[in-house]
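Student: From the sequence below, what's the structure:
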Amino acid sequence: MTAILLTIVLAPLLASIIAGIFGKQVGRTGAHLVTIGAVGLSFLLSLIPFSRFVLDGQAPLDMVLYTWAESAGIPFQVGFLIDPLSASMMTVVTFVSWMVHIYTIGYMHDDPGYQRFFSYISLFTFSMLMLVMSNNFLQLFFGWEAVGVVSYLLIGFWFKKDTAIFANMKAFLVNRVGDFGFLLGIGAVLLYCGSLHYGTVFENTEALSAESIEVFAGHPWSVVTLTCILLFVGAMGKSAQVPLHVWLPDSMEGPTPISALIHAATMVTAGIFMVARMSPLFELSEVALSTVLLIGAITAFFMGLLGLVQNDIKRVVAYSTLSQLGYMTVALGVSAYSAAIFHLVTHAFFKALLFLAAGSVIIGMHHEQDMRKMGGLRKYMPITWITSLIGTLALIGFPGFAGFYSKDAIIEAVHESHLYGHGIAYMAVLGGVFITSLYSFRLYFMVFHGKGRMDHHTEEHLHESPAVVWIPLVALAVPSVLAGAALIEPMLFGDYFGSAIHVEHSHNVLEEVAHHFHGWFSFALHGFLGVPFMLAAAGFATAWFLYMFKPEIPGKIASALSPIYKLLVAKYGFDAFNQTVFAGGARALGGFLWRAVDATLVDGLAVNGSARVVGWLSGVIRYAQTGYLYHYAFAMIIGLLALLGYFVYV
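Tutor: Residues are numbered from 1 along each chain as shown. Sure, this is the predicted structure:
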């Protein structure tokens, strides 16, 4: 098993090195063959641990590969923890990444950075695998930072575009804020548990819950609450929760394949996975759980609203990702960790499908991304159209599709919760259903139906994307339909995750949901009578009325509700606030410190000041250098008398 696990994680790394360093030697064909082959091999080999630890129910494998360093008796190790949670993540990550790799051949066909792009996305896969397979916080943090670095490279892949450079720097800096909290949380774990190994830490959770710390004098905090909140700050950055969400929409500046990879299977899911992995800690603090719940609810509802005013096809899907990440976070907050991972898995399939379908549209439209310049593409791109419809139905939670099972399970879990904030969260996730349906079908109708709004030249050359592009769409469409029905019973109501996820009995909301579950088919039939379906249907009807039947009305609504429309277009002012207060404040502080410290103290006093003193002193002393011998003899005699006087006196 060790050889299999090492091959899974190292094959993409080796392929990345070959495509990146030896790109000229292997050529474009060699670069995509070696990376696609390596990631495909990782996926096929991932089925082995998935079969053993999920299907066969073998005991988790916790192994140490080697000790990297040791300090004060604390070992810093590299190792693997393979259980149903990590095995599921490995399978999803490698499969989606494999599809994205294949798709990239068509999308990046004419790009001069072809080999470099394949190198980056293969390195991205390696980084995510290191993260999900880790058995300790050190390796987790390595993978955490590695996906951040590679996302920086990929978002700014087209580095000659100013907007791309701005976007990748924004993503990098915002994630550093989250990672600062994450690192403090890991530090707290090490301080109070004396280990970074998951198993050792989780065995000491009871002792940890009894500790307190005074962050502010006279106000003791529970150590476990503070630790969990700090760890969640890291998850807020990676999984783009308010207010650390601002980087994710701008990540659309990167090529579409990386948008799919970031949003579906790698970076943004890291935070959700981490909180689920840390469930033994989070279960000890209802304060931390309520914090997670409320932040997820705010993200799910308010980020969905922003998708209603976007005209860039990729940005609509990006804000959809923000909203769906909010749903996953809400599930974590009510201790429905299984539901969060279930939605992560189904979302990976249909969100990758929607992004790659959007890329297919962009290829057909000659890299036009404004939906106002599209329309009627159904007859030109039938495969892209039908797969987009499947992805859309999965996203809105239409009964029977994958997204329905995971999203409705989350809504029911929130309804059964008694944690502080559950009422607000329930209303937010219900409202999010209507909003999701509205912006999803707004995109669908504007792109694929109605009158064509593209120019004549573009319309003449419209056709379906090549097979290397649409085959991954079809491959992702299948689990977007079937994965929910296949996984709902074992993942939510069976012993799918075993000991990988821990839930206190008083928090076990899924146990209550299980009382109303009578199989996947019955669950789907009952979905047609539920409030979420009615809200989704209302969103569909509203989108059809506004964008098909009366397309002139949206403009009138925007004018009538101008303050609200401007607020949504301004993204609630987060970008302006960050640029004015944080970026502007940082520049102003830097300017002040430069003038006060560098220019005045360092340059003015230390450097230039000392030079001026030396110059003045030299100017004074040089008058003693007259060139007359008797002046020097007189000075020597005076000095000799002074020394004699000193010694006689002493």
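
Student: mind checking the longest strand of this protein?
Tutor: strand 61-71 (DSSP state E).

Student: Residues in contact with it: which ones?
Tutor: Residues external to strand 61-71 that are found in contact with it (C-beta atoms under 8 Å, 6 or more residues apart in numbering): 1-2, 6, 49, 53, 75-83, 135, 138, 198-199. For the C-beta atoms, the positions are set from N, CA and C on the backbone; glycine is no exception.

Student: if we go to 7 Å?
Tutor: 1, 2, 75, 76, 77, 78, 79, 80, 81, 82, 135, 199 (C-beta atoms under 7 Å, 6 or more residues apart in numbering).

Student: again, but for stretch 251-262
Tutor: 97, 100, 103-104, 107-108, 117, 121, 124, 151, 154-155, 157, 161, 163-164, 167, 171, 268, 312, 314-315, 318, 352, 355-356, 358-359, 362.

Student: cutoff 8 Å now
Tutor: 96-97, 100, 103-104, 107-108, 111, 117, 120-121, 124, 151, 154-158, 161, 163-164, 166-168, 171, 263, 268, 312, 314-315, 317-318, 351-352, 355-356, 358-359, 362.

Student: Next step: these restricted to helices.
Tutor: 96-97, 100, 103-104, 107, 117, 120-121, 124, 151, 154-155, 163-164, 166-168, 171, 263, 268, 314-315, 317-318, 351-352, 355-356, 358-359, 362 (DSSP state H).

Student: could you flag which of these are buried?
Tutor: 96-97, 100, 103-104, 107, 117, 120-121, 124, 151, 154-155, 164, 167-168, 171, 263, 268, 314-315, 317-318, 351-352, 355-356, 358-359, 362 (16 or more other C-beta atoms under 10 Å).

Student: re the thing from before, make CSV out of the contacts of strand 61-71 and add secondary structure.
Tutor: Shown next, in CSV, are the contacts of strand 61-71 (DSSP: H, G, I helix; E, B strand; the rest coil):
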residue, secondary structure
1, coil
2, helix
75, strand
76, strand
77, strand
78, strand
79, strand
80, strand
81, strand
82, strand
135, coil
199, helix
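
Student: Closest one of those to residue 403?
Tutor: Within the contacts of strand 61-71, proximity to residue 403 (C-beta to C-beta) peaks at residue 82, which comes in at 27.9 Å.

Student: Near the closest residue to that closest one other than its chain neighbours, how many other residues are there?
Tutor: Nearest non-adjacent residue to residue 82, counting by C-beta to C-beta, 6 or more residues apart in numbering: residue 61, 4.4 Å away. Residue 61: 19 surrounding residues under other C-beta atoms under 10 Å.

Student: now residue 82
Tutor: Neighbourhood size, residue 82 [other C-beta under 10 Å]: 25.

Student: Equivalent analysis for residue 494, please.
Tutor: 13.

Student: got a list of what residue 30 touches?
Tutor: Applying C-beta under 8 Å, 6+ apart, the residues near residue 30 are 18, 19.

Student: Tell me how far it lies from residue 118.
Tutor: 10 Å (C-beta to C-beta, to the nearest Å).

Student: what does residue 181 give?
Tutor: 34 Å.

Student: Counting neighbours around each, name which of the two comes out higher.
Tutor: residue 118 (30 against 19).

Student: isn't that one right next to residue 17, touching?
Tutor: No. If you go by C-beta atoms under 8 Å, residue 118 and residue 17 don't touch, sitting 11.6 Å apart.

Student: Need the nearest residue in space to the residue nearest the centre of the chain, chain neighbours excluded.
Tutor: The centroid of the chain falls nearest to residue 268 when counting by C-alpha atoms, centre = their mean (2.3 Å). Leaving aside its chain neighbours, residue 268 sits nearest to residue 239 (5.2 Å; criterion: C-beta to C-beta, 6+ apart).

Student: for that neighbour, what are its contacts?
Tutor: With C-beta under 8 Å, 6+ apart, residue 239 has these contacts: 268, 269, 270, 271, 272, 325, 328, 329.

Student: mind putting those residues in CSV, distance to residue 437 and pLDDT included?
Tutor: Output for those, formatted as CSV (distance: C-beta to C-beta, whole Å; pLDDT from 0 to 100):
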residue, distance to residue 437, pLDDT
268, 22, 89
269, 23, 89
270, 28, 92
271, 26, 93
272, 23, 94
325, 18, 95
328, 19, 96
329, 20, 96
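
Student: Going by residue numbers, what spans are helices in the stretch 501-650 of the chain?
Tutor: Using DSSP state H, counting those that start in this stretch, the helices found in the stretch 501-650 of the chain span residues 509-514, 520-527, 531-544, 553-560, 562-569, 574-577, 584-593, 608-621, 629-649.

Student: same thing with the stretch 151-300 of the chain?
Tutor: 162-193, 198-203, 205-209, 223-238, 247-250, 256-264, 267-277, 279-282, 286-306.

Student: Rounded mean pLDDT for the longest one, please.
Tutor: This predicted structure assigns helix 162-193 an average pLDDT of 91.

Student: Angles on the backbone of residue 336, please.
Tutor: Backbone torsions of residue 336, given as degrees, to the nearest 10, read phi -90, psi 60.

Student: How about it: what's its closest non-neighbour residue?
Tutor: Per C-beta to C-beta, 6+ apart, closest to residue 336 is residue 413, 3.9 Å.

Student: where's that neighbour, which helix or strand?
Tutor: helix 402-416 (DSSP states H and E).

Student: packing partners for that helix?
Tutor: Under the contact criterion of 3 or more C-beta pairs under 8 Å, 6 or more residues apart in numbering; DSSP states H and E, helix 402-416 touches helix 313-333, helix 337-364, helix 382-396, helix 422-448, helix 467-488, helix 509-514, helix 520-527, helix 531-544.

Student: average model confidence for it?
Tutor: 94.

Student: Then stretch 338-349?
Tutor: On average, stretch 338-349 scores 94.

Student: follow-up on the earlier one: what's the distance between the longest strand of the chain and the middle of its chain?
Tutor: Centroid separation for strand 61-71 versus its chain: 27 Å, with C-alpha atoms, centre = their mean, to the nearest Å.

Student: now swap in stretch 45-65 and tell me
Tutor: 26 Å.

Student: pLDDT on it, on average?
Tutor: What stretch 45-65 shows for mean pLDDT is 92.

Student: Restrict that stretch to CA atoms and write it as CSV.
Tutor: Provided in CSV are the C-alpha atoms of stretch 45-65 (Å, rounded to 0.1, in the frame of the first residue of the first chain):
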residue,chain,number,x,y,z
LEU,A,45,-4.7,4.0,-8.1
SER,A,46,-6.9,6.1,-5.8
LEU,A,47,-9.7,3.6,-6.5
ILE,A,48,-7.7,1.0,-4.6
PRO,A,49,-7.7,2.8,-1.2
PHE,A,50,-11.3,3.9,-2.0
SER,A,51,-12.2,0.2,-2.4
ARG,A,52,-10.4,-0.9,0.7
PHE,A,53,-11.3,1.8,3.2
VAL,A,54,-14.7,2.8,1.9
LEU,A,55,-16.3,-0.2,0.2
ASP,A,56,-14.6,-2.9,2.3
GLY,A,57,-14.5,-0.9,5.5
GLN,A,58,-10.9,-1.7,6.5
ALA,A,59,-9.4,0.1,9.5
PRO,A,60,-7.8,3.5,8.8
LEU,A,61,-4.1,3.4,7.8
ASP,A,62,-2.0,5.9,9.8
MET,A,63,1.6,5.7,8.6
VAL,A,64,4.8,7.8,9.0
LEU,A,65,7.1,8.0,6.0
